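A.B. asks: 3D model of this:
(chains A and B)
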Amino acid sequence: MGRAAMSMMEDTTAPRDRLRHFTDTVGSIVGKLLPQNDSVPQFVGKIAEMAISLANDLTVEQMVFRSSFVDHGTDPRQVAVDVVDERQVGKVLLCTFPGFWRLVKIDGRIQQMAIRRPSVELQSAFE
Amino acid sequence: MQQEMMVEESNTQEFPINNDVVDDPNVEPEQASLDIGANIARLEYQLQGKCKEVENLANLNHQKESEILELKKEAASLGKEVLAMHESIKAQDNLIKEKEPQRRALQQELHQMKSNFSLQRNEIETLKARSLAQERLLSEFQATLDQRNLEIACVKSSHDGHKTEIATLNQRIKQSDAKIKEQEKDIETYKQTFEELQNYIVEREKQINELTVNNDYLSNVISETKKPPAPNHVDSYYLNRVDALNHFISSHVAEMCKWEASRTFRPSDAALKEVLRLVGPLGKRDVAYLRTTFIWTLNKDSRRRIVALRFLIGLCLHKFIFEKFAFGIETVRGEILRQTEDAILGIGMFSV
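C.D. replies: As a prediction, the model looks like this:
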């Protein structure tokens, strides 16, 4: 299905349009929060290249994958998250990188197996 | 009444009498006789007054007596009237008694008429309901009739059409008869060819059967040698790539925030509002938190800016690239394919 979807989009401009939208948005955000620098477009382009290549591979994979992003205020004990600094406590302040999961059916139930848990910063980090 | 008033007034106008002069022993005799004369005059005057009073009272008495007589006459006439009324009442009572059976009969009749009336009203209601039902039936019947008329009209028109069609068909039959005769000749020729072809087909069928057997055999061989679907890559391959992407972003963001220019750089309020506008539709709760507090404190230290940048880039990655079924696919199609994928997953493929 993934291969079919990708081959269906080969002759369209949709992926290029979406890529341009992504790079424009991220480039604009980085450009607003940091001083002007020539390396920003290159940085954004590299992120897009790596991410889209990964997404395409996940799309054509024989397994089913899902990406997740944790909302602000979520209790980290109720969802699987990766807190890099173990000293941090409290609820989720911000999610800094999405999580990736492989879906499998085990004993008749669909379950998520973590490829990588979402990275988060907890509230105590900036108190 | 006026006379009575006059009597009372005359009684009150008493002439004054000098009794002290008469009884006093020190008074002279001449003087005393004069006083007695005056007293007599006074008494006479009083007497005259009293006489007038008596006359008045007599007149009043006479008047009263005449009034009493009139009243007695009136009472007598009223007594007669009362008697007449009593008699009239008795007569009416008798009349009422006489009329009582008639009244009862009329009352019974009225009651009977009332019950008859209610029965008739019920009958009318029933008749009304029947009438409505019949009206409905009539309208339905009318609709059916209209439909039938329409059908009849259609049939009539088609009947006319059929007539012309039959004429055309007759012509064609004639033509076909001629053709049949020609074709019968051809059939004779074809029969000969057919026998030849039949033999050829029998031979080909034998060949096809042999090839089918071979094909089944080859299919079995292929199915036995075909590998079952397996992942293109193991999980660790994707883990490495995800980590590489995360590491690339985090290291470069940290590096950019440590630039000399970044240390003194302060994003303007307008720039921060523009950032909030760009990511507003992507994550409402997170962006609400950024809007209320976090984004306005980015200048406190570089770590805040690093976290904010990583969050914003991660949010865009998730929403623009990873959340979709395939990168660049339309949202609706992506949703349909994702549902299909979930259904396949539910069936049991990708089971462990």
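
A.B. asks: quick one, domains of chain A?
C.D. replies: A:1-62, A:64-127 (automatic domain parsing).

A.B. asks: what's the first-to-last distance across the longest one?
C.D. replies: Pointing back at domain A:64-127 there. 39 Å (CA to CA, to the nearest Å).

A.B. asks: Can it be said to contact chain B?
C.D. replies: Yes - residues of domain A:64-127 contacting chain B under CB under 8 Å from any CB of the partner chain: A:64-65, A:67-69, A:71-73, A:93-98, A:100, A:102-106, A:110, A:113, A:115-116, A:119, A:121, A:125-126. All C-beta spots, glycine's among them, are computed from the backbone N, C-alpha and C.

A.B. asks: Please check the residues you listed and keep the buried ones.
C.D. replies: Buried by 16 or more other CB atoms under 10 Å in any protein chain shown: A:64-65, A:67-69, A:72, A:93-98, A:100, A:102-105, A:115-116, A:119, A:121, A:125-126, out of the residues of domain A:64-127 next to chain B.

A.B. asks: Strands - which of the residues of domain A:64-127 next to chain B land there?
C.D. replies: A:64-65, A:67-68, A:93-97, A:100, A:102-106, A:110, A:113, A:115-116, A:119, A:121 (DSSP state E).

A.B. asks: Point me to the residue sitting closest to the centre of chain A.
C.D. replies: A:P98 (3.6 Å; CA atoms, centre = their mean).

A.B. asks: Now do the contacts for that residue.
C.D. replies: Residues in contact with A:P98 (CB atoms under 8 Å, 6 or more residues apart in numbering or on different chains) are A:S67, A:S68, A:F69, A:P118, B:G314, B:L317, B:H318, B:F322.

A.B. asks: and the last one, how many neighbours does it have?
C.D. replies: For B:F322, the count of nearby residues is 23 (other CB atoms under 10 Å in any protein chain shown).

A.B. asks: next one: the one 4 residues further on
C.D. replies: Under the neighbour criterion other CB under 10 Å, B:A326 is assigned a count of 24.

A.B. asks: can you confirm it is in a helix?
C.D. replies: No - B:A326: not assigned to a helix; according to DSSP: H, G, I helix; E, B strand; the rest coil it is coil.

A.B. asks: Just confirm it contacts A:S7, I think it does.
C.D. replies: No - assessed by CB atoms under 8 Å, B:A326 is found out of contact with A:S7, at 10.2 Å.

A.B. asks: what sits in contact with each of those two?
C.D. replies: Counting by CB under 8 Å, 6+ apart, nothing touches both B:A326 and A:S7.

A.B. asks: buried stuff in stretch B:259-278?
C.D. replies: Neighbour-count burial for stretch B:259-278 [16+ other CB under 10 Å]: B:S262, B:P267, B:L272, B:V275, B:L278.

A.B. asks: Taking strand A:64-68 as reference, get the angle to the helix ranked longest in chain A.
C.D. replies: Longest helix in chain A, counting residues (DSSP state H): helix A:39-60. Angle, helix A:39-60 to strand A:64-68, by axes from the mean of the first three to the mean of the last three CA atoms, to 10 degrees: 140 degrees.

A.B. asks: Not counting helix A:39-60 itself, show me its contacts.
C.D. replies: Contacts of helix A:39-60 (CB under 8 Å, 6+ apart): A:2-3, A:5-6, A:15, A:19, A:22-23, A:26-27, A:30-31, A:34, A:65, A:100, B:232-233, B:238, B:241-242, B:244-245, B:248-249, B:252, B:256, B:313, B:317, B:321-322, B:324-327.

A.B. asks: JSON lines please, covering the domains of chain A and showing mean pLDDT.
C.D. replies: Listed next are the domains of chain A as JSON lines, based on pLDDT from 0 to 100:
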{"stretch": "domain A:1-62", "mean pLDDT": "86"}
{"stretch": "domain A:64-127", "mean pLDDT": "88"}
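
A.B. asks: would you turn the ones you listed into JSON lines with distance to B:T164?
C.D. replies: Output for the domains of chain A, formatted as JSON lines (distance: least, CB to CB, whole Å):
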{"stretch": "domain A:1-62", "distance to B:T164": "54"}
{"stretch": "domain A:64-127", "distance to B:T164": "66"}
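
A.B. asks: Quick check: which of the ones you listed is nearest to B:N215?
C.D. replies: For these, the distance to B:N215 is smallest for domain A:1-62, at 27.8 Å, taking CB to CB.

A.B. asks: now, which of the buried residues of stretch B:259-278 lie close to chain A?
C.D. replies: Restricting those to those near chain A - CB under 8 Å from any CB - leaves B:S262, B:P267, B:L272, B:V275, B:L278.

A.B. asks: name the element the first one belongs to?
C.D. replies: If you go by DSSP states H and E, B:S262 is part of helix B:260-264.

A.B. asks: And for the last one?
C.D. replies: For B:L278, the host element (DSSP H and E) is helix B:269-279.
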